[in-house]
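A.B. asks: Whatever this is, show me its structure:
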Amino acid sequence: MIFDTIPAGPLQTNCYLIGDETAGVCAVVDPGGNASEILDMVKKSHLELKMLLLTHGHYDHVGAIAPILAVYPSLPVYIHEKELCPAGTREPRYFLPHLGDNQRTYGEGDTLDLGSLKIQVLHTPGHSAGSVVLLVEDVMLCGDTLFCRSCGRYDLPGGDWWDILNSLSRLGRLEGDYRVCPGHGPLSTLDYEREHNPYLKQAMER
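C.D. replies: The predicted structure follows:
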């Protein structure tokens, strides 16, 4: 599996590229901004971009979608249905506007195929109602649910402290180790977080 990342947008959101070199295809996760840099990352991979995957709908994770779709007009964009902007919402920065024909939704138990890669979707509410974690091989793309030695905020629209504790507990109890790839900050490993992350430890003790 090919794996790459760049910090994108004003909040330096970690934008990830995952790809199957043999099949010649890739996906971009959480394109938060700097569309030209994201497109350069795709170009340098020499892979065909097949989809955009979103861990949640907050503005700092979706800012480059429109300019990317201008280059790839038929590209599917996946997000949990609870992250789509409800009619009349007062907090549009925290939801993704519906993208018409490009819009796709995924949720708990779904699996996406990317060449030979299997991308498993876990619904992990807490930071937002429709936050998801994506598992592919030994990589955990965890958005703003789990950070290195920390966890995401739960005081924004759709957030909930008890939900994020339950989601963290679930992640901590997954079998084996993973490369933890959060929405912000340094990468880590799940074994390291089990030992050093106070929020994950608290969640697993419940």
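A.B. asks: Report the contact partners of the residue nearest the centre of the chain.
C.D. replies: In the chain, the residue lying closest to the centroid (Cα atoms, centre = their mean) is Thr55, at 3.0 Å. Going by Cβ atoms under 8 Å, 6 or more residues apart in numbering, Thr55 touches 29-30, 61, 131-134, 141-145, 183. Yep, even glycine has a C-beta here, placed from its N, CA and C like the rest.
A.B. asks: Now, the residues you listed that are in strands?
C.D. replies: Among these, the residues falling in strands (DSSP state E) are 29, 132-134, 141-143.
A.B. asks: can you redo those as a markdown table with distance to Leu200, pLDDT and neighbour count?
C.D. replies: Formatted as a markdown table, the ones in strands among the contacts of Thr55 follow (distance: Cβ to Cβ, whole Å; pLDDT from 0 to 100; neighbours: other Cβ atoms under 10 Å):
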| residue | distance to Leu200 | pLDDT | neighbour count |
| --- | --- | --- | --- |
| Val29 | 21 | 98 | 25 |
| Val132 | 18 | 98 | 29 |
| Val133 | 13 | 98 | 23 |
| Leu134 | 18 | 98 | 25 |
| Leu141 | 17 | 98 | 26 |
| Cys142 | 11 | 98 | 30 |
| Gly143 | 15 | 98 | 27 |
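A.B. asks: wait, isn't Asp189 in contact with Tyr178?
C.D. replies: Just so we're on the same page, residue 189 is Thr rather than Asp. Yes - in this structure, Thr189 is within contact of Tyr178 by Cβ atoms under 8 Å, at 6.8 Å.
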